[in-house]
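> Give me a model of this one.
(one chain, ligands or ions: 1)
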Amino acid sequence: MSTYETITVEKHGAVAVLTINRPDKLNALNSNVHAEGVAALDELRKDDSVRVLVITGSGPKSFIAGADISEFEGMTPVTQRNQFYEKTLFNTIDAFPKPVIAMINGFCLGGGNELALACDIRICSENARFSQPEINLGIMPGGGGTQRLTRLIGEGRAMEMILSGDMIDAATANKFGLVNHVFPAEELVEKTMEFAGKIAEKAPIALQLSKEAVKFASRSNLDEGLRREVDLFAICFSTEDKQEGVSAFLEKRKPVFKGR
Ligand code: COA
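Coordinates of the predicted model:
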């Protein structure tokens, strides 16, 4: 793995942890984080030893406090539009073929919330706070906030967050379905890694195809979605892992999946 300035990547068995590492700026996303994040994801995608990715922020206070506002000064409509039309970190996470878990400690704001929304599963600490505060800067979400948030929690709740810019606490985020689980801060890493480790033992190809099918659900109509599901389901039957899974069940043992 390459080394980076604004992020770190560690491997714990089959689980990689990518940490946004700008704690004195509450891990705000500047252009360097975007570029390095995209590069790291590219490496992790090709690394067969990595089966699950966890993304988090450095320090106990903040997951990500949004886009780096200091970079907004020089931005024009053209630079902003081009930046978001390029291969963004949000879209690279969305398209990442392996399961991605956002492990959220503290502030999860603006682009931070959009990054979490691009992940497959969100797990947070009790001290987490969520918002889309762009409206307070006279702008609106531009990294998928209006689209992914609405699909995940529904129009009324997304409208409330985006139009008010107010922060919601972890319990409200849980009630809204924005996060999957909330843990006391001191248990967040252990519980998230335990969950990630469990998923990392599943069949990698079936994980990838399951992700593709679930993501397709909000991007298609039901008939197209059901057809895509059957096609992907059928592909599972061509894998060695399907044979291993079925044999292990019949032989009453734990399967060992190889991603083939
Ligand atoms: N962009 C750039 N810098 C940021 C930042 C952001 N989104 N969020 C925090 N920082 C910086 C602060 O400027 C400060 O830097 P400094 O020490 O050099 O002055 C440092 O991070 C610590 O933040 P601070 O505001 O002192 O912490 P706090 O606990 O008082 O407040 C927040 C925390 C999250 C409420 C506050 O930092 C905030 O509102 N941040 C902006 C959130 C936002 O609007 N994000 C969406 C952008 S579209």
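> Can you give me the neighbour number for R227?
12 (other Cβ atoms under 10 Å). From N, CA and C alone the C-beta is placed, and that goes for glycine too.
> Can you read off the pLDDT for it?
On pLDDT, R227 comes in at 97.
> Check T79 too.
At T79, pLDDT is 86.
> Which elements pack onto the worst-scoring helix or strand of the chain on mean pLDDT?
One helix or strand of the chain scores below all others by mean pLDDT, DSSP states H and E: helix 77-85, with a mean of 83. Packed against helix 77-85 by the contact rule (3 or more Cβ pairs under 8 Å, 6 or more residues apart in numbering; DSSP states H and E) you find no helix or strand.
> Let's see that with 10 Å instead.
Under the contact definition 3 or more Cβ pairs under 10 Å, 6 or more residues apart in numbering; DSSP states H and E, helix 77-85 sits against helix 89-94.
> CA atoms only for the helix it packs on, dumped as PDB, please.
C-alpha atoms of helix 89-94 as PDB (Å, rounded to 0.1, in the frame of the first residue of the first chain):
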ATOM      1  CA  LEU A  89     -14.500  10.200  -3.700                       C
ATOM      2  CA  PHE A  90     -18.200   9.800  -3.100                       C
ATOM      3  CA  ASN A  91     -18.800   8.000  -6.400                       C
ATOM      4  CA  THR A  92     -15.700   5.900  -6.000                       C
ATOM      5  CA  ILE A  93     -16.900   4.600  -2.700                       C
ATOM      6  CA  ASP A  94     -20.400   4.100  -4.200                       C
END
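> M140: neighbouring residues, count only.
12.
> Would you confirm that it belongs to a helix?
No - in this structure, M140 is coil, not part of a helix, as judged by DSSP: H, G, I helix; E, B strand; the rest coil.
> mind listing what it touches?
132, 134, 146, 162-163 (Cβ atoms under 10 Å, 6 or more residues apart in numbering).
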